[in-house]
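> The following comprises the amino acid sequence and a computationally predicted model.
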Amino acid sequence: MLTKRIIPCLDVKDGRTVKGINFVNLTDVGDAVDLGKRYAQLGADELVYLDISATSEERATFTKLVERISDNINIPFTVGGGISTIEDAARLLDAGADKISINSAAIRNPQLIDEIAQRYGSQFVVIAIDARLEADGLWHATTHGGKRSTELELFSWAREAQERGAGELLFTSMNHDGTREGYPCDVYARLSEALSIPVIASGGAGSVAHIAEVLTDGRADAALAASIFHYGEITPYELKLQLKQQGICVRV
Amino acid sequence: MIAIIDYKMGNLRSVENALHRLGANFVVTADPAVIRKADRVLLPGVGNAAEAMNNLREARLVEVINDLRRPVLGICVGMQVMCQHSEEGDAECLGIFDTKVRRFPHSLTEKVPHMGWNSIHNLDSKLLRNLQGGAHVYYVHSYYPELCQDTIATTHHGLMFSAALKYENFYGTQFHPEKSGDVGEQILKNFLTL
């Protein structure tokens, strides 16, 4: 049976991870490759590296980092952040990324999904949607890390992205992100029902129970988390053991 | 020397990296002379099976591969083109493995593409030695090889299919050993020491 995936997410700036302070046995907690390797050894099913750089010099550093990740890590990894053209996608594919995630750029130019999926396959394209539940009762996609709301409605945008060739959906609720109070499981369940592509839950996990809930009631195929791993509260392996005890199919 | 066949079907970097981590010597090539002389041949591939067959024909590699007598390992689409036929683009393939490649039916309740970690069972080959049934490997695919007499491992995703195949010196995996963590490394190590 296909297992539910647990995916640590690493934010990278100028080639170094910006979170991840509490790791024992790591000589350099800021080294994105070492941290990723450690997560892979500790049972992570995939990794996501998000480039939060602002400048083009830093972007070039990120590409070099992706090459090093690919050289050193034997599980799949996704890279995201600042991908706005097919050339960006090509550069990261050449550097060894297994998948890329696109967010704001796909909202500006939905055709980008078609172009990348047609050239490199749907398995290479993760559509990331940061959405917020607005006063009108609808979930609106946002850009710029949640700072700007758009007219795009979550469910119709997710369906459109799938039809254009996205291979996975990474949905983050801006109402829940950073709260550590759990995921909006009803929304994930509806997304999972509405789409044929896998859905990755992100943003809001504060406990094992939250993750278990989104993988069962929320029907998510995978859960992405940052802080619970980076601050050393639990390792991916320990998390998966606990999920397994609750009858959730995971790779342990 | 190991030859990784470059027939323009996706990025070979992860396969190269995996061999590099195992300390193996390899060349990436489409040169029939180099491929014929290699001790081991790897045929990776991501993408469309019909396009993969066209590329092999254009590179004049169909007979070259069929005539190989040293161990050959096809991965994902590289394995699919070693079967009889693929529904993807209605492609006549190399016909090494006695099976056909079909699309996961739309009636399946499971999601397609089959993406992520799934378990392999009924292991029956030296390629898979030192592994336990139930070991997890990484998959990304929408087409699968049916069960047949060449099946050496199975996986279940809505239906049972060939996770790995073997005929004489030819081996194939539908999953990606180069992305399957320690399990995948063991399989590649096994392949290098067959």
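That came through fine.
> Alongside chain B, which residues does the stretch 1-150 of chain A contribute?
Listed as neighbours of chain B in the stretch 1-150 of chain A under the rule C-beta under 8 Å from any C-beta of the partner chain: A:1-3, A:5, A:40, A:45, A:70-72, A:74-76, A:93-96, A:98, A:121-123. In short, each C-beta sits where N, CA and C put it, glycine included.
> Break down chain B into its strands, ranges please.
With DSSP state E as the criterion, chain B has strands at B:2-5, B:26-29, B:40-43, B:72-75, B:85-86, B:91-92, B:100-103, B:114-119, B:136-141, B:143-145, B:151-156, B:160-167, B:170-173.
> by contact count, what packs against the second one?
In terms of contacts (3 or more C-beta pairs under 8 Å, 6 or more residues apart in numbering or on different chains; DSSP states H and E), strand B:26-29 is packed against strand B:2-5, helix B:13-21.
> Out of the ones you listed, flag the one nearest chain A.
helix B:13-21 (4.5 Å; C-beta to the nearest C-beta).
> any idea of the mean pLDDT in that closest one?
Averaged over helix B:13-21, pLDDT sits at 95.
> And for stretch A:204-213?
94.
> First residue to last residue on that stretch, what's the distance there?
Stretch A:204-213 has its terminal residues 12 Å apart, counting by C-alpha to C-alpha, to the nearest Å.
> pull the longest helix from chain B.
helix B:181-192 (DSSP state H).
> from the middle of its chain, how far away would it be?
Helix B:181-192 sits 13 Å away from the centroid of its parent chain (C-alpha atoms, centre = their mean, to the nearest Å).
> can you pull the buried residues of that helix?
Buried residues in helix B:181-192, counting neighbours by 16 or more other C-beta atoms under 10 Å in any protein chain shown, are found at B:181, B:183-188, B:190-192.
> nearest to B:H121, of these?
Here the nearest of these to B:H121, counting by C-beta to C-beta, is B:V183; it sits at 13.2 Å.
> how much space between the residue most central in space within chain B and A:G206?
By C-alpha atoms, centre = their mean, chain B has its centre lying nearest to B:I75, at 2.2 Å. Look at B:I75 and A:G206: by C-beta to C-beta, to the nearest Å, they are 40 Å apart.
> and if you look at A:V18?
For A:V18 relative to A:G206 (C-beta to C-beta), the value is 20 Å.
> B:M53 now?
For B:M53 relative to A:G206 (C-beta to C-beta), the value is 51 Å.
> Look at those two and report which has more neighbours.
Higher neighbour count among B:M53 and A:G206: B:M53, with 22 against 18, using other C-beta atoms under 10 Å in any protein chain shown.
> Which residues are in contact with that one?
B:81, B:86, B:91-94 (C-beta atoms under 8 Å, 6 or more residues apart in numbering or on different chains).
> rerun at 7 Å
B:81, B:91, B:93 (C-beta atoms under 7 Å, 6 or more residues apart in numbering or on different chains).
> Any idea how many residues pack against the first one?
As a burial measure, B:V81 scores 31 neighbours (other C-beta under 10 Å).
> Please name the residues that touch B:P71.
Counted by C-beta under 7 Å, 6+ apart, B:P71 has contacts B:40, B:169, B:171, B:191, B:194.
> try it again with 6 Å
Shown in contact with B:P71 (C-beta atoms under 6 Å, 6 or more residues apart in numbering or on different chains): B:40, B:169, B:194.
> What of A:G43?
Counted by C-beta under 6 Å, 6+ apart, A:G43 has contacts A:236-237, A:240.
> tell me which element it is part of?
Assigning secondary structure by DSSP states H and E places A:G43 outside every helix and strand.
> ok, now how distant is it from A:I7?
For A:G43, the distance to A:I7 equals 11 Å [C-beta to C-beta].
> Report how many residues lie close to residue 165.
If you meant another chain, say so; for now it's chain A. Residues near A:G165, counting by other C-beta under 10 Å: 20.
> Wait, chain B was what I had in mind.
Neighbour tally, B:L165, other C-beta under 10 Å: 29.
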